[in-house]
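Participant: Sharing a model that was predicted from the sequence below.
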Amino acid sequence: MRNKVGRPHGPTPGRGRKPYDPTTLTREEQHALVVIAANPNEKRIDIDRYVVPSRCRLSTVSNSPIGRWMLDELEHLPPEKLEPYRLANLKTINKDRRRSYRDKLELPPLPWIPADDDTQT
């Protein structure tokens, strides 16, 4: 079966999904790990509402070697750096948005990346 453009459905032959690389994390995965670190006593199902990766992907990332390392490093950050990522703060930022699959939520900048107004020229 062909679609309107004339191409067959599905991926190009010989090309599938990008394989999982346990040595790199996307920006969404980094945000998800920061939210997990900022809310250590929360259930993952509650955290899942405020991060982009699916619950299964969230579990894979947080249990991978680089994910575990990043969570361990985030524990050493001062609490005020993680404060914007607490669920109460994320709820107020995104209270008017409906959560749909793949909906990009508004998140504060990552704690180790300076905000645009903090950079010096």
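Facilitator: Sure, I can see it.
Participant: residues contacting residue 59?
Facilitator: With contact taken as Cβ atoms under 8 Å, 6 or more residues apart in numbering, residue 59 is in contact with residue 44. For every residue, glycine as well, the C-beta is placed using N, CA and C.
Participant: For this structure, which segments count as strands?
Facilitator: Residue ranges of strands cannot be listed for the chain, since DSSP state E assigns none.
Participant: Show me the contact partners of the longest helix anywhere in it.
Facilitator: Longest helix in the chain by number of residues, with DSSP state H as the criterion: helix 27-38. Judged by Cβ under 8 Å, 6+ apart, the contacts made with helix 27-38 from elsewhere in the structure are 25, 44, 47, 50-53, 57-58, 61-62, 67, 70-71, 74-75, 77, 82-83, 85-87, 90, 107, 110-111.
Participant: where do the helices sit along the chain?
Facilitator: With DSSP H, the ranges of helices along the chain come out as 27-38, 44-47, 55-63, 65-74, 79-82, 87-93.
Participant: what residue ranges in the chain are flagged as low confidence?
Facilitator: Counting by pLDDT under 70, the ranges of the chain that qualify are 1-13, 15-23, 92-109, 111-121.
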